[in-house]
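Trainee: A predicted structure for the sequence below; I have some questions about it.
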Amino acid sequence: MQLVRQKGKLRAYRVRAALVSLVVAALGSGCAAEGPPEAPRSARPAAEKEARRGPQAQKPDARKAREAAGGGSAHREKAAISQKARAAAAKKWGLERTPLAAPPPPAVKPRITTRKGFEVKGGEGLPPVFTTVPTKEKIVFLTIDDGAEKDPELLRMMSDLRIPYSAFLSDYVINDDYGYFEKMRDGGVALHNHTLNHPYLPGLSYAEQKREICGQQDKLEKRYGSRPRLMRPPYGNYNKDTLRVAKKCGIEAVPLWASEAFPDHMEWREWDRDLHPGDIILTHFRGEEDWAGSMPDMIRRVMRTITEKGYAVARLEDYV
Ligand SMILES: [Zn+2]
């Protein structure tokens with residue numbers, strides 16, 4: 001993580017590609033400090049940006065169709081009311097600015113494809129792996145991983161603020177209190193797969209990966225009543241078997257992340273160290289013994305970045 005912080009030094013690199021692969025590698029370990037680093041990928045920033053913003057972008061007529069269907073004015077009215085409540089909640093929870101309201105969800109979900117450089121050989125037809133959802137809206141998605149810290153304040157804060165987020169859960173850290181995530185689910189948060197034991201998946205056989213991924217599918221379905229559609233591999237590491245196994249047990253998409261939030265800073269995957277429409281933000285269920293603040297501190301910090309940059313947080317499951 002040192003790499004990302006040495007902004008000044010990194011800027012001096014003449015070859016942008018070198019910079020990108022460094023940042024990607026540094027951020028790749030995001031899920032946990034103890035994790036193995038992400039395998040270097042061929043980073044082609046310009047081409048990637050083209051690919052991200054080009055053909056996958058949401059059809060421009062999607063919004064028109066939505067408004068024609070009568071969703072427009074009703075949504076605006078509702079949104080105004082909930083923005084008032086959100087402003088009061090922002091004050092209560094110590095946010096500097098009121099989080100912006102997300103636009104209504106698209107009538108049709110965008111077509112998502114694997115990010116360039118993130119493909120596996122022969123992976124056609126397998127769940128897409130991506131870090132940004134194709135959209136032109138100024139929205140980002142908040143995803144929280146693992147599940148070690150179970151801070152009741154987080155549940156209250158997020159429901160007061162009406163900020164959507166998605167949880168990617170690993171059984172070995174949630175199994176001492178499944179009830180916490182039941183409350184989270186009851187608050188409208190979707191619970192997704194992050195394996196049983198948080199292993200480095202490419203180091204496992206097909207059968208072992210199946211146990212980790214499908215085992216967690218079964219467990220989450222049994223505990224929480226619905227089978228996840230999304231899976232995030234620990235540390236962002238995967239291979240073809242990971243995606244084959246995931247597809248086999250009901251996973252439709254594999255969202256990674258474009259940036260990572262901490263209570264005191266952000267870490268960025270992209271060379272421009274900025275947010276982009278549709279970016280997925282990763283953070284973790286961690287407490288003050290693991291990082292420089294509480295879960296509410298982390299939310300205050302990441303929301304400051306998101307709101308200052310003019311973005312709203314949207315619900316990942318509305319787009320994926
Ligand atoms: Zn993790």
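Mentor: In hand now; what should we look at?

Trainee: any residues touching whichever helix in the chain runs longest, and which ones?
Mentor: The longest helix of the chain (DSSP state H) is helix 71-92. Helix 71-92 has contacts (C-beta atoms under 8 Å, 6 or more residues apart in numbering) with Arg66, Arg97, Thr98, Pro99, Ala101, Pro104, Ala107, Met157, Asp160, Leu161, Arg162. Where C-beta positions appear, they are placed from N, C-alpha and C, glycine not excepted.

Trainee: and with 6 Å instead?
Mentor: For helix 71-92, the external contacting residues (C-beta atoms under 6 Å, 6 or more residues apart in numbering) are Thr98, Ala101, Pro104, Asp160, Leu161, Arg162.

Trainee: For Ala107, which three-state class applies?
Mentor: Three-state call for Ala107 (DSSP: H, G, I helix; E, B strand; the rest coil): coil.

Trainee: Restrict the strand or helix carrying Lys247 to CA atoms and write it as PDB.
Mentor: Applying DSSP states H and E as the criterion places Lys247 in helix 240-248. This file holds the C-alpha atoms of helix 240-248, laid out as PDB (Å, rounded to 0.1, in the frame of the first residue of the first chain):
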ATOM      1  CA  LYS A 240     -10.800 -20.000 -15.100                       C
ATOM      2  CA  ASP A 241     -11.800 -22.700 -12.600                       C
ATOM      3  CA  THR A 242     -13.100 -19.900 -10.300                       C
ATOM      4  CA  LEU A 243     -15.400 -18.600 -13.000                       C
ATOM      5  CA  ARG A 244     -16.500 -22.000 -14.100                       C
ATOM      6  CA  VAL A 245     -17.300 -23.100 -10.600                       C
ATOM      7  CA  ALA A 246     -19.100 -19.800  -9.800                       C
ATOM      8  CA  LYS A 247     -21.300 -20.100 -12.900                       C
ATOM      9  CA  LYS A 248     -22.100 -23.700 -12.000                       C
END
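
Trainee: and after it, which helix or strand comes next?
Mentor: Once helix 240-248 ends, the next helix or strand along the chain (criterion: DSSP H and E) is strand 254-255.

Trainee: Check whether the following helix or strand past that next one comes into contact with the ion.
Mentor: Sequence-wise, the next helix or strand downstream of strand 254-255 (DSSP H and E) is strand 259-261. No - interface with the ion: strand 259-261 contributes nothing (C-beta under 5 Å from the ion), its closest point being 11.1 Å away.

Trainee: Pull up the pairing partners for the following helix or strand past strand 259-261, direction included.
Mentor: Downstream of strand 259-261, the next assigned helix or strand under DSSP H and E is strand 266-268. Next to strand 266-268 in the sheet, as set by DSSP bridges, lie strand 259-261 (antiparallel).

Trainee: mind checking how far the partner strand is from the chain centre?
Mentor: 9 Å (C-alpha atoms, centre = their mean, to the nearest Å).

Trainee: got the contact list for it?
Mentor: Strand 259-261 has contacts (C-beta under 6 Å, 6+ apart) with Gly30, Met266, Glu267, Trp268, Ile281, Leu282, Thr283, Val302.

Trainee: which SSE is the last one in?
Mentor: Yep, that's Val302 we're talking about. Per DSSP H and E: Val302 is located in helix 295-308.

Trainee: Give the other helices and strands that the helix or strand following that helix contacts.
Mentor: Using DSSP H and E, the next helix or strand after helix 295-308 towards the C-terminus is strand 312-314. For strand 312-314, the packing partners by 3 or more C-beta pairs under 6 Å, 6 or more residues apart in numbering; DSSP states H and E come out as strand 139-146.
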